[in-house]
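J.: sequence? don't have it. structure:
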């Protein structure tokens, strides 16, 4: 059991009529791993998660979650996993205690087990408000944390978090991620989607999805190295640069990647000799500085750009 | 996987929280039956009484006064004297008087000369809800006036003696109130169910429910049970009001009536569920529920407007509306004491509609939920 991956996906395809939402993807997630899932809206992230939570039957391919697959029925999968969706977290017109008790009865937890788990999890998230506080009165960050606790009541091996930190403050996001790291430390497998690059940096490995396919999958460090083998520079314009010049740079065969980045530009060169050759010419117009690629560069290049 | 009552009960309990904590739902659930009973029981008067009658009497004789007295003492009319025939016409143009009686100057003279004494009655044709009842009063008032003036009962070659069975005083409340329970249940069941289930789709919580090992059938039963209970409570309320405050007789079997009501409730809960699955949005669900539940319940059930006087198309349309059939069952049970076999037709119709609706809604709901 310890050797088996938490999630194994082989040639998963999901079609809605003529539309292929997920197109023949394969990957595995190790136990205790924080696995990030990135991609533009509509890339197939949520569809994949819904399959892995037993909410959607795949059109083709094999899926194993916590050692069970669809052949044993989706209910077996639902028992193994916790799920926290981006759209809905908790019922606003019910108290924290009522919400948690409701989820526990849907999962048929014995009362003793439930109370023990509840108190443990509320302690884990440092919840220090009355249990009969209405959810609508909780700040967004606290609500997110209670929701995380709700998805973990039945002590699942794997937790799926679909954009869990959308719309909460940066401090609450940082706190939430500290909890995620802690859960992973306890051996839980965390499968998370996000739009925030700083959150993606904190994942052990990340998969990038684009139009139903996984275009890259590796650790953040490896991904940057893979996608930007040549040097990357930040170009800070010294004065006004006209549009034709920018277009010329964008189409230069020696520059593999040229994207605006705030008021500056990031440019990746094919290799170091090419960079040295071009750098002299650029110094007149730009303040040129070598930089390390960020995940955002990786994301833009792979997901939004044309890709290598 | 098998159906679990504990999960169903948890969902039902949660739904009760929603109902108790949402002022709109709670207000509708408690207020609607009370409001409808007050409205149809007290405020709306279907028996036309105290009609203002503009009277111009050019004759000023004993005979003309006797005629006017007969109108006045009938209890249906209030006499407003006007100074001229034009005055009578003007009185009708306003919205005070509904009818006008004009007695010509030769009224008594004609009578004594052996001719028929003629008077003119003008009716406000723009308001046909009062004209009908007024005309029905005229016949008996005419007979009565003739008898008073002649001083004896004139011989009649043919005489119809009418007696109203089941509702001897033709009390309109006896007719309306049994149907009231039907309308109240229809509105509560369709509207509240459609809203409650649509809310789970709209805010995404259906996804949360489905991520647990809960069965679609458990969701259906759990979500609908509180609204079924509300419908039954409203029914009981209307029944108690009808028996105590309005003293409507209940001559049939409560069991038969109850079975009819449950079939009806099943059909409408299912309709609410179907609406919510199809719309998945509270606002649209509410509009569809009003269009398909509330409006037909009021207009096409025969509750107020008789189905017999509808155009043929609507008469057929009402056949697919459970409200029509339960209205029949309610009236027959209350006033006629009809038995199950006497009402096999509405029961058969109601059963078919209920089964079809439940199958349609649960099938659609399950296929939408199952992965």
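T.: Yep, that arrived. Since this is a predicted model, take the numbers as computed values, not measurements.
J.: going forward, measure contacts between C-alpha atoms and count neighbours the same way
T.: Will do.
J.: Identify the residue spatially nearest to the residue of the stretch 151-300 of chain A found nearest chain B, adjacent ones excluded.
T.: Evaluated by Cα to the nearest Cα, the stretch 151-300 of chain A has residue A:151 as its residue closest to chain B, separated by 9.3 Å. The shortest distance from residue A:151 to any residue other than its chain neighbours is 4.8 Å, reached at residue A:82 (Cα to Cα, 6 or more residues apart in numbering or on different chains).
J.: Select the longest helix from the chain.
T.: With no chain named, the answer covers chain A. For chain A, the helix that runs over the most residues, judged by DSSP state H, is helix A:170-185.
J.: Let me rephrase: I mean chain B.
T.: Of all the segments assigned as helix in chain B under DSSP H, the longest by residue count is helix B:216-244.
J.: and it, what's its mean pLDDT?
T.: The average of the pLDDT scores along helix B:216-244 is 92.
J.: now swap in stretch A:134-143 and tell me
T.: Averaging pLDDT along stretch A:134-143 gives 92.
J.: Could you pull up the contacting residues of the closest residue to residue B:41 other than its chain neighbours?
T.: With Cα to Cα, 6+ apart as the measure, residue B:173 is the residue that lies nearest to residue B:41, at 6.5 Å, once sequence neighbours are left out. With contacts taken as Cα atoms under 8 Å, 6 or more residues apart in numbering or on different chains, residue B:173 has the following neighbours: B:40, B:41, B:46, B:246, B:248.
J.: what's the farthest-apart pair in the residues you listed?
T.: B:46 and B:248 (15.6 Å; Cα to Cα).
J.: Neighbour count: those two, which is higher?
T.: Set side by side, residue B:46 and residue B:248 show unequal neighbour counts under other Cα atoms under 10 Å in any protein chain shown, the larger going to residue B:248 at 21 against 16.
J.: residues touching the more buried one, list them.
T.: In this structure, residue B:248 makes contact with B:173, B:174, B:242, B:334, B:335, judged by Cα under 8 Å, 6+ apart.
J.: if we can go back for a sec, just give me the closest of the contacts of residue B:173 to residue B:273.
T.: Within the contacts of residue B:173, distances to residue B:273 taken as Cα to Cα reach their minimum at residue B:40, with 28.8 Å.
J.: quick one: the closest one and residue B:176 touch, right?
T.: Yes: with the criterion set as Cα atoms under 8 Å, residue B:40 and residue B:176 qualify as a contacting pair; they are 7.3 Å apart.
J.: All the strands of the stretch 1-150 of chain B, residue numbers only.
T.: For the stretch 1-150 of chain B, strands defined by DSSP state E, counting those that start in this stretch occupy the ranges B:51-57, B:77-81, B:99-103, B:120-123.
J.: could I get those as TSV with mean neighbour count, distance to residue A:165 and mean pLDDT?
T.: Written out in TSV, the entries for those read as follows (neighbours: other Cα atoms under 10 Å in any protein chain shown; distance: least, Cα to Cα, whole Å; pLDDT from 0 to 100):
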stretch	mean neighbour count	distance to residue A:165	mean pLDDT
strand B:51-57	23	70	89
strand B:77-81	19	74	88
strand B:99-103	24	74	89
strand B:120-123	15	73	87
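J.: Of all these, which one comes closest to residue B:187?
T.: strand B:51-57 (33.8 Å).
J.: what kind of secondary structure is whichever residue of chain A sits closest to chain B in?
T.: The minimum distance from chain A to chain B, using Cα to the nearest Cα, falls at residue A:56 (4.1 Å). Secondary structure of residue A:56, reduced to three states by DSSP: H, G, I helix; E, B strand; the rest coil: coil.
J.: ok, now residue A:109?
T.: Using three-state DSSP, the structure places residue A:109 in coil.
J.: for the spatially closest residue to residue B:15 that is not a sequence neighbour, what are its contacts?
T.: Computed as Cα to Cα, 6+ apart, the closest residue to residue B:15 that is not its neighbour in sequence is residue B:223, at 6.3 Å. By Cα under 8 Å, 6+ apart, the contact set of residue B:223 is B:11, B:12, B:15, B:193, B:196, B:197.
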